[in-house]
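Trainee: Provided below for reference: sequence and predicted model.
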Amino acid sequence: MLRVVLAAVLVAVAAAQIPAKCSSPRQWEGQLIVTDRFRGHFGAVQMYYSYDETNQRKRFHEIKDFTNASAPLYRGIHLYKEGLEYIWEANNPKTCQVSKSRRPFIPHSVVENATFIADFIYGSTAVEGAGLEVEVWHADLEFNDEKIHWYAHFTRTGCVPIFSEIDFGTTGRRTEQFVDVTVGLHNPNDFIPPPECP
C-alpha cells in the first residue's frame, strides 16, 4: 500500500513540474534573424517582421544578408488563409511575384499538441537582471502528408517567442531568432501587397 501511495505522490510531483501551455501575443512586430536554405543557398538574414496569428499573416523586410553582402534583399507578405505569398526585391516592387504558399502557417506560440521539453535560464542568475527564464516546447506537425518537427523557446513571463527550429523535411530546416518584439501592429496595411503585384 505504501508503494502505491508513494508512486501516486511521485506522479503528482512530476505532473506539477510541467507548466501549462502559455499564451503568446497574437499580433506583434520585431526583428527576425533567419537561417535556412529556402533561397537556394544556406544563409542567415536579418529582417523586420510583422506577425498576425489572428488572420494567419506574416510580413518581412530583409535588411541584411550575413552570408552574402551583395545578394539582393527582399520583402514579402504571406497570406496563409488565402494560400498566397508575395515576394519582391526590397527596392523594386515591380519585381513582385505571387505564388501558392510553399510552407504552412506555423504559429509563433505554443501549438495545441506541443509537449513541454525543459526550462532553463538564458544568461545567468548570478548577476542581477542578467537571466531570462525560458520554456522549450516541441511538436510534430503535418503539411501535405509531410512531417514537420517544431521546437521553440518562449519567455516564461509573457510567453514571448525568442527562438524556433523547424525541420520541414524535403524543403529543409529553418531557425528563427526573434528580437526587439513589441506587441501589436502599428500599421495593418503592411499586409496589403503593393499595387505592382499581379
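Mentor: Looks like it arrived, so ask away.

Trainee: just the strands in the protein please.
Mentor: Along the chain, the segments classed as strands by DSSP state E run 27-36, 43-52, 57-65, 74-79, 84-89, 92-100, 115-123, 131-143, 146-155, 161-167, 173-183.

Trainee: any chance of those in TSV, plus mean neighbour count, mean pLDDT and distance to Pro193?
Mentor: Backbone N, C-alpha and C define where each C-beta goes, glycine included. Shown next, in TSV, are those (neighbours: other Cβ atoms under 10 Å; pLDDT from 0 to 100; distance: least, Cβ to Cβ, whole Å):
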stretch	mean neighbour count	mean pLDDT	distance to Pro193
strand 27-36	18	94	18
strand 43-52	20	94	14
strand 57-65	18	95	10
strand 74-79	20	96	6
strand 84-89	18	96	4
strand 92-100	13	96	7
strand 115-123	13	94	37
strand 131-143	16	92	23
strand 146-155	18	93	26
strand 161-167	18	95	25
strand 173-183	15	94	23
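
Trainee: Reformat those strands into TSV and put distance to Pro19 next to each item.
Mentor: Shown next, in TSV, are the strands of the chain (distance: least, Cβ to Cβ, whole Å):
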stretch	distance to Pro19
strand 27-36	21
strand 43-52	23
strand 57-65	27
strand 74-79	30
strand 84-89	34
strand 92-100	37
strand 115-123	6
strand 131-143	6
strand 146-155	10
strand 161-167	16
strand 173-183	20
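
Trainee: between the ones you listed, which gets nearest to Ile18?
Mentor: Ile18 lies closest, by Cβ to Cβ, to one member of the strands of the chain: strand 115-123, at 5.0 Å.
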